[in-house]
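**Student:** okay, here's the prediction I keep looking at, along with the sequence it came from:
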Amino acid sequence: MKLVQCWDDGVTTDVRLVALLRRHGARATFNLNAGLHAPERRFGWRHRDTEVWRLGRDELREVYQGFGIANHTLTHPHLEQLPIAAARAEIVEGRARLQALFDQPVRGFVYPFGSFDGAVVQAVRAAGHVYARTTRAAEAGIDTAKTMAVAPSCHFLAPDFWQRFERARPHGVFWFWGHSYELVDEAMWAAFEASLVRLCAEPGARWCDPTDLFDMDPR
């Protein structure tokens, strides 16, 4: 089975997450907003009484060394609420800045808030992305034919995570996503690591980049 995981927003708790992933040899993709990173770390918002800080732009390459990078727009707006020219700028400039920063192709896209419309889909495709991920969970297998509106298997904190894993098994791909800031205490970190260990031990499982699931020419 192909295992895919991706994490959004470029926050400081990703430092602990990537150390955990490296320890267990698990690949992952991080979905970033290039326009929201100041040179140094800065406060972003609060989640369940915990401060969430964005990573500094000057540390991004080091933190995510060896992991995949995908475009999450320049500044994380609801794209379908913008004039289409502004939405295109968010998409195109977000990708361009990430490619310049990481010196590598950026082929994946994730819709902020999981929201989009037909015009946004066309803009994402035209910008050169191979796939675009939503936040809606697939009921069973992941439909890779819907390259610009891919539904993952589930959020990593889904209460039926392992049931969804079993439903995905016959289809050969299990894809989960989330934000590392949602791991708010040691018990949650330990539970996630236990899930990671279990996934890594799955016979025949291998960690993949989302682009491994799609043709490399956007459509």
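**Tutor:** Looks like it came in fine.
**Student:** after whichever helix in the chain runs longest, heading C-terminal, what element do we hit next?
**Tutor:** Across the chain, the longest stretch assigned as helix under DSSP state H is helix 84-102. Following helix 84-102 in sequence order, the next helix or strand is strand 108-110 (DSSP states H and E).
**Student:** which strands and helices sit next to the longest helix of the chain?
**Tutor:** Counting contacts by 3 or more CB pairs under 8 Å, 6 or more residues apart in numbering; DSSP states H and E, helix 84-102 packs against helix 60-63, strand 68-71, helix 118-126. All C-beta spots, glycine's among them, are computed from the backbone N, C-alpha and C.
**Student:** which residue ranges of this protein form strands?
**Tutor:** Taking DSSP state E as the criterion, the chain carries its strands at 2-8, 29-32, 42-47, 50-54, 68-71, 108-110, 131-133, 154-155, 173-178, 206-207.
**Student:** list the buried residues in the third one.
**Tutor:** In this case it means strand 42-47. Buried residues in strand 42-47, counted by 16 or more other CB atoms under 10 Å: Gly44.
**Student:** now it, how far from the centre of its chain.
**Tutor:** 19 Å (CA atoms, centre = their mean, to the nearest Å).
**Student:** what residue ranges in the chain score low on pLDDT?
**Tutor:** Along the chain, the model assigns pLDDT under 70 to residues 215-219.
**Student:** is it correct that Ala127 is in contact with Glu90?
**Tutor:** No - in terms of CB atoms under 8 Å, Ala127 does not count as a neighbour of Glu90; the distance is 9.9 Å.
**Student:** format the strands of the chain as CSV; extra columns: distance to Val197.
**Tutor:** CSV is the format used below for the strands of the chain (distance: least, CB to CB, whole Å):
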stretch, distance to Val197
strand 2-8, 13
strand 29-32, 20
strand 42-47, 25
strand 50-54, 25
strand 68-71, 21
strand 108-110, 26
strand 131-133, 25
strand 154-155, 18
strand 173-178, 15
strand 206-207, 13
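**Student:** between those, which one is closest to Gln122.
**Tutor:** Across the strands of the chain, Gln122 has its closest neighbour in strand 131-133 (10.9 Å, CB to CB).
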